[in-house]
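A.B. asks: can you look at this prediction? I've put the sequence above it.
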Amino acid sequence: MNTLSRPMTGLCLAAALVACSLAAQARDSAAVATAEIRRTSFGVPHIVAKDERGLGYGIGYAYAQDNLCLLANEVLTVNGERSRFLGAQGKTVEQRNNLDSDLFFTWLNTPTAVSGFLKAQPTRVRDLLDGYASGFNRALAERKAQGLPAECGSGDWVRPLTSLDLVKLTRRLLAEGGAGQFVEALVGATPPKLAAQRPAGDFSLALERQEKFAMERGSNAVAVGAERSENGRGLLLANPHFPWLGGMRFYQMQLTIPGQLDVMGAALPGLPVVNIGFNRHLAWTHTVDTSKHFTLYRLALDPKDPTRYLLDGQSLPLARQTLTVAVKGADGQLSQVERQVYSSNFGPVVQWPGKLDWDNRHAYSLRDANLDNTRVLQQWDRINRADSLAGLKDSVAQLQGVPWVNTLAVDAGGQALYLNQSVVPYVDKDLLAQCSDPAAGARLVVLDGSRSACQWKVDPQAAQPGIFPARLLPSLERRDFVQNSNDPARMANPAQPLTGFSPLISRDDQPLGMRGRFALERLQGTAKLGVAQLQRMVLDDEVYLASLVLPDLLGWCKTAAADVAPVCASLSAWNGKADLDSGVGLVHFEHIMAALAEHPQSWRVAFDPADPQHTPRGLAVEQAAVSKRVHDAALASLQQVAKAGVQADSRWGQIQQAADGTPVPGGPQALGVYNAMYSVPMGQGKRLVVSGTSYLQLVSFTDQGPQAQGLLAFSQSSEAASVHFADQTRAFSAKQLAPIPFTEAQIKADPQYRQYVISERDKAAVASTGH
């Protein structure tokens, strides 16, 4: 029997091997990524593929054609390898010490955390990530053969990517709203008995960075419904204020899988999804919210040992994690630097001398809700594919993957939606009353770490343990409008205030920001709104705060001392805007109001929580104390302007500029400039824009589908040699928004249309141009 069966067994085995081989070939063929990339004006890519892996392949390839060194640099950062290649004393794009950055990302992106995130992704997202890495690597090989861009420097740190690198980038994005604001405080936290042995950390900028988080990543958004729009359909303004440099720099693109996905908008580096955009059915955007995404816990330390803490009366050891970073010395040799991070069961210990001290009695642990958010990429993938406003809303409620932003959206039928539904620790009013330290103030939530009863609450309907479920978070649907400019949820529409939430979600007792007040002034009433009206909100460059206080300042000037006459002359001549033609009066106004901001008693009408839309207002210059403050601020401004090298006849466009020298309109958000810009000194008489209006998008739904216009204010490419390094920046400077092609007809009619196909089988892209 056995001898007879052996030939048959061999034949079966051979047949099985052939079948397996054919199946493997079929799988390999299906797995070969292919993408069609069409470029239109300003180099914007419109990527078409048959599946997610092909789509990711096209995204990664196109992105690397425009921003290869930027992404490679960010990958170096999130892998904690900057010191290895660039030295410990170098700086990140955010001007953070390389060694501190490396230690933090070594802590954040452990192999366990990164692999766990990747495993949690659905197949669709894993395919996007895998394709993205493959597409980037193909472009890298081609560009190496041509010679890497100057922005890559020596290029020895530029390497192929993997899906894990993209996960690390995503986890950095998640940490931006929490742990990422405590980098120095986390890697520098030291037990009291060891403090003298540890080099002094640079804590001085940590709090400043936290305060600047919303400033550098703010946004405006308006969703107009059928009752107020000119054509009775939906209308959306997306005006995110994001960094012009580094890992938060948007990239414009369209993603299409025929029959499954067709979405246009902007994405952050390394993300194979559109973060802000539109499809045939709806348009959406985000604004940085005011919700808390982390809390601190004040630990009661064991009197016998400051590396132990008391929880429910039991002494527990702080866990220790040793971080190791390779550092390149001046001689080019590598050495190892080790640091220990201490953690309680609430999270890592953080330390800001003078604010969050680690002494023999107390230490502070940080718990960041977004570090357990593995749903963020899936969330945006679901939003990209949403075919209704209800579908978008349901996906956000189910996944709760939105990290630290509000969501505003509108559909073709004219329904407008506001959601303050991000990842927020479930600390309600009762828990806050029982466990919070009121001495910490409103900015930081500090809970009692000596009692397990002060742990975040758990709701079975929440997408992850310890966060608020969607039903307890603000949501508002309207047929007139909703808006947000980084304010609490309350005034998304004053006709229907959103109140009564946990202070971690939204506070009812805070003043509206000046941008929010400006927006409500423009939006309220019965007048119909169209694209032109929303466009003017941004491009008028009105300084809203000037309408509240400039008459008082000019009245004060009539009796002011002669030593501030130049300031008064410039204020009188100023046009009240932050446009390219605005004079130095804008600079003096900014300086004076920044000085007065420290003295809220300077308002003539103080903030009234019952009337946040109209208070505070006016300057009480008739009071001697206020008059003196204004005089002192004006004198100081004269000195500041002289020191900065700004001439008395300078125009704003000569002062505030992009990296290539293009003049940039817009101004400080604190002044109520809707077109918010954050610029820093750059040589005599100049300021360099580092953050502000980024992807500007206006979408109007019509009988022919969505009609969109806008710009990527800093342009598609971060490479100075690219033709797309500053082309959109020049258009933005001239206030010339461009049509955003979306349909096949619009794409192919674009005067700069060109098309090429890439495949993993090919060594070079198959290209064609024309129509």
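C.D. replies: Happy to help now that I have it.
A.B. asks: per-residue confidence for the closest residue to residue 645 other than its chain neighbours?
C.D. replies: Once flanking residues are discounted, residue 645 sits nearest to residue 684: 3.2 Å by Cβ to Cβ, 6 or more residues apart in numbering. Heads up, the C-betas are built off the backbone N, CA and C, glycines and all. Listed pLDDT for residue 684 reads 93.
A.B. asks: what do you get for residue 300?
C.D. replies: We have a pLDDT of 98 for residue 300.
A.B. asks: for the one 4 residues further on, same thing?
C.D. replies: Per-residue confidence at residue 304 stands at 96 (pLDDT).
A.B. asks: so what's it up against?
C.D. replies: Residue 304 makes contact with residue 315, according to Cβ atoms under 8 Å, 6 or more residues apart in numbering.
A.B. asks: picking up where we left off before, hang on, the residue nearest to residue 645 in a strand?
C.D. replies: No - going by DSSP: H, G, I helix; E, B strand; the rest coil, the assignment for residue 684 is coil, not a strand.
A.B. asks: ok now stretch 633-646, how far from the chain's centre?
C.D. replies: 33 Å (Cα atoms, centre = their mean, to the nearest Å).
A.B. asks: typo on my end, stretch 147-165
C.D. replies: 23 Å.
A.B. asks: what of stretch 281-301?
C.D. replies: In terms of Cα atoms, centre = their mean, the centre of stretch 281-301 is found 12 Å from the chain centre.
A.B. asks: returning to what we had before: these two touch, right, the residue nearest to residue 645 and residue 644?
C.D. replies: Yes - assessed by Cβ atoms under 8 Å, residue 684 is found in contact with residue 644 at 7.4 Å.
A.B. asks: more neighbours: which of the two?
C.D. replies: More neighbours surround residue 644 than the other of residue 684 and residue 644, with 16 against 10 (other Cβ atoms under 10 Å).
A.B. asks: look up phi and psi at the more buried one.
C.D. replies: Here the main-chain torsion angles of residue 644 (degrees, to the nearest 10) amount to phi -80, psi -10.
A.B. asks: please list all residues in contact with it.
C.D. replies: Residues near residue 644 by Cβ under 8 Å, 6+ apart: 681, 684, 685.
A.B. asks: how about those residues in JSON lines, adding distance to residue 322?
C.D. replies: Listed next are the contacts of residue 644 as JSON lines, based on distance: Cβ to Cβ, whole Å:
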{"residue": "681", "distance to residue 322": "40"}
{"residue": "684", "distance to residue 322": "47"}
{"residue": "685", "distance to residue 322": "49"}
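A.B. asks: between these, which is nearest residue 620?
C.D. replies: Using Cβ to Cβ, residue 681 comes nearest to residue 620 of those, at 31.9 Å.
A.B. asks: quick check: bridge partners of that closest one?
C.D. replies: Residue 681 has the following beta-bridge partners by DSSP bridges: residue 687.
A.B. asks: tell me the spacing between it and residue 441.
C.D. replies: Note on residue 681: its distance to residue 441, by Cβ to Cβ, to the nearest Å, is 30 Å.
A.B. asks: these two: which has the busier surroundings?
C.D. replies: residue 681 (12 against 9).
A.B. asks: distance check, that one against residue 720.
C.D. replies: Per Cβ to Cβ, residue 681 is found 21 Å from residue 720.
A.B. asks: how about residue 479?
C.D. replies: 47 Å.
A.B. asks: which residues does residue 284 bridge with?
C.D. replies: So, taking DSSP bridges as the rule, residue 284 has residue 277, residue 409 as bridge partners.
A.B. asks: contact partners for it?
C.D. replies: Contacts of residue 284 by Cβ under 8 Å, 6+ apart are 236, 238, 276, 277, 278, 383, 392, 407, 408, 409, 410.
A.B. asks: the third one and residue 285 touch, don't they?
C.D. replies: Yes - between residue 276 and residue 285 there is a contact under Cβ under 8 Å: 4.8 Å.
A.B. asks: mutual contacts of the two, please.
C.D. replies: Joint contacts of residue 276 and residue 285 (Cβ under 8 Å, 6+ apart) are 238, 240, 697.
A.B. asks: thought the last one was touching residue 285?
C.D. replies: So that's residue 697. Yes - Residue 697 lies in contact with residue 285 (Cβ under 8 Å); the separation is 7.1 Å.
A.B. asks: which neighbours do those two share?
C.D. replies: 236, 237, 238, 239, 276.
A.B. asks: could you check how far the residue nearest to residue 645 is from residue 100?
C.D. replies: According to Cβ to Cβ, residue 684 and residue 100 sit 31 Å apart.
A.B. asks: per-domain residue ranges of the protein.
C.D. replies: The record's domain parsing of the chain by automatic domain parsing lists 34-214, 541-673.
A.B. asks: of those, which stretch is the most buried?
C.D. replies: Counting by mean count of other Cβ atoms under 10 Å, domain 34-214 has the highest mean neighbour count of these, with a mean of 20.
A.B. asks: please, where are all the helices along the stretch 451-600 of the chain?
C.D. replies: Taking DSSP state H, counting those that start in this stretch, the helices of the stretch 451-600 of the chain run over residues 514-523, 531-539, 544-557, 565-573, 585-596.
A.B. asks: redo the ones you listed as CSV? Include mean pLDDT and distance to residue 252.
C.D. replies: Listed next are the helices of the stretch 451-600 of the chain as CSV, based on pLDDT from 0 to 100; distance: least, Cβ to Cβ, whole Å:
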stretch, mean pLDDT, distance to residue 252
helix 514-523, 98, 24
helix 531-539, 98, 17
helix 544-557, 98, 29
helix 565-573, 98, 38
helix 585-596, 98, 30
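A.B. asks: let's have these in JSON lines, adding distance to residue 674.
C.D. replies: Formatted as JSON lines, those follow (distance: least, Cβ to Cβ, whole Å):
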{"stretch": "helix 514-523", "distance to residue 674": "5"}
{"stretch": "helix 531-539", "distance to residue 674": "5"}
{"stretch": "helix 544-557", "distance to residue 674": "8"}
{"stretch": "helix 565-573", "distance to residue 674": "21"}
{"stretch": "helix 585-596", "distance to residue 674": "15"}
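A.B. asks: nearest to residue 362 among those would be which one?
C.D. replies: Smallest distance to residue 362 across these (Cβ to Cβ): 34.2 Å, for helix 585-596.
A.B. asks: pull the CA atoms of that closest one into CSV?
C.D. replies: Taking C-alpha atoms only, helix 585-596 is exported to CSV below (Å, rounded to 0.1, in the frame of the first residue of the first chain):
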residue,chain,number,x,y,z
GLY,A,585,1.3,101.7,13.6
LEU,A,586,0.5,98.0,13.5
VAL,A,587,3.8,97.1,15.2
HIS,A,588,3.3,99.8,17.9
PHE,A,589,-0.3,98.7,18.4
GLU,A,590,0.8,95.1,18.9
HIS,A,591,3.4,96.1,21.5
ILE,A,592,1.1,98.3,23.5
MET,A,593,-1.7,95.7,23.6
ALA,A,594,0.7,92.9,24.6
ALA,A,595,1.8,95.1,27.5
LEU,A,596,-1.8,95.9,28.5
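A.B. asks: just the buried residues from the shared contacts of residue 276 and residue 285, in PyMOL please.
C.D. replies: Selecting only the buried entries of the shared contacts of residue 276 and residue 285 in PyMOL, with 16 or more other Cβ atoms under 10 Å as the criterion:
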select buried, resi 238+240+697
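A.B. asks: and the helices in the stretch 301-450 of the chain?
C.D. replies: Secondary structure of the stretch 301-450 of the chain (DSSP H, counting those that start in this stretch): helices at 376-385, 389-399, 429-435.
A.B. asks: buried ones in the second one?
C.D. replies: Meaning helix 389-399. For helix 389-399, using 16+ other Cβ under 10 Å, the buried residues are 389, 391, 392, 393, 395, 396, 397, 399.
A.B. asks: that one versus helix 376-385: what angle between them?
C.D. replies: 170 degrees (axes from the mean of the first three to the mean of the last three Cα atoms, to 10 degrees).
A.B. asks: model confidence over helix 389-399, on average?
C.D. replies: On average, the pLDDT along helix 389-399 is 98.
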